[in-house]
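> what follows is a predicted structure for the sequence shown.
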Amino acid sequence: MKKLFSLLRTQQYSGRGIILGTTARGEIAIAYFIMGRSASSRARRFTRRGDDLAINYTAKKDPEHAELIIYSPIRVLGNKVIVTNGDQTDTVYDALVLGGSFESALRTRCFEPDPPHFTARISGLVTVENGVPSFELSVLKAGDPEGHTCSRQFFCYENRPGCAHYIHTYMGGTDVLKTFEGEPWEVAIPNDIDKFTDMVWNGINEDNKVALYVRFIDPKTMDFTDRLINKYE
C-alpha cells in the first residue's frame, strides 16, 4: 500500500485526481482535486451546491472549451455518490436515474477532445448497501497516439477499512502530457478528515494546484463532513 503524501509529492502535474475508500473506523473517504497550468484552468473555484459540488469560473472572459473545465465533480443520488473529472458526472447520474449502471453510462463516453493530450476521463462511484460501501473507478483514455480509438477500463473494489484507491489524469510530461497508466494506486488514509485534507493539499504540487474537496460520509446514515480549499479565492 502506497503512502499517499509521498506519492502525491512525486507527481509534478497529475492534473485531476480522485481518491475513494474507507477510513480504519469505517467512514467513506472521498477526495477530488484539480490542478492547472493555464490562466483559464486556474480561474476556477469549488463551490457547494446542496449535497453536490460545482466548479465556478472566476475570470471575466469565457474560457475556450468551457465544457472541459466547468462541470459538477460530485453529484449524489440516494445511496450513490458520483465523482468525475468532467461532464460525464451528469452522464452517469442520468443513467442511474433510468436504472442503468456506472459502466453502461461510461461506455457511451470517451476521452476528452483536446489533442495532443487526449486527457483521460476519470470517474468514480460509491454505492452504499445496508451500511456497507463498495467502489467503482473508471479510466477512459486514448487507445492510440492519434486518438482514433478509446480504451475503457473499469475497476471494482469491495470495502476495506483503512484503504483507498487513487486515480489521476496525467503521469507527467511537458509539451504532450502522458495519460494515467496501470491500475489505481492503493493508498492508506487516516481517520481524521483534517489530517487527510492537509495530506492531500500539501502533497499536491504547489505551483499547479487549484482546488481540493474532501468528504467523509457515515455509511449508515449518509450524513457527511466536508472540507473545501480554493487556492485562488
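Everything's here; your move.

> residue 226 and residue 217 touch, don't they?
No: with contact defined as Cβ atoms under 8 Å, residue 226 does not count as touching residue 217 (9.2 Å). Yep, even glycine has a C-beta here, placed from its N, CA and C like the rest.

> who's more crowded, the two?
A direct count of neighbours by other Cβ atoms under 10 Å for residue 226 and residue 217 places residue 217 higher, at 21 against 16.

> how close does the more buried one get to residue 113?
Distance, residue 217 to residue 113, by Cβ to Cβ, to the nearest Å: 33 Å.

> just checking: what are the partner strands of the lengthiest strand in the chain?
If you go by DSSP state E, the chain has its longest strand at strand 132-142. Strand 132-142 has these partner strands in its sheet, going by DSSP bridges: strand 121-129 (antiparallel), strand 150-157 (antiparallel).

> could you dump those strands to CSV with mean pLDDT, mean neighbour count and distance to residue 25?
Listed next are the strands paired with strand 132-142 as CSV, based on pLDDT from 0 to 100; neighbours: other Cβ atoms under 10 Å; distance: least, Cβ to Cβ, whole Å:
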stretch, mean pLDDT, mean neighbour count, distance to residue 25
strand 121-129, 98, 21, 16
strand 150-157, 98, 15, 18
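
> would you reformat these as a markdown table and include distance to residue 195?
Shown next, in a markdown table, are these (distance: least, Cβ to Cβ, whole Å):
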| stretch | distance to residue 195 |
| --- | --- |
| strand 121-129 | 21 |
| strand 150-157 | 23 |
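
> which one of these lies nearest to residue 144?
Between residue 144 and the strands paired with strand 132-142, the tightest spacing by Cβ to Cβ is seen for strand 150-157, at 8.8 Å.

> in the longest strand of the chain, what's buried?
Judged by neighbour count using 16 or more other Cβ atoms under 10 Å, the buried positions of strand 132-142 are 133, 135, 136, 137, 138, 139, 140, 141, 142.

> lowest-confidence helix or strand of the chain?
Lowest mean confidence among the helices and strands of the chain (mean pLDDT, DSSP states H and E): helix 66-69, at a mean of 78.
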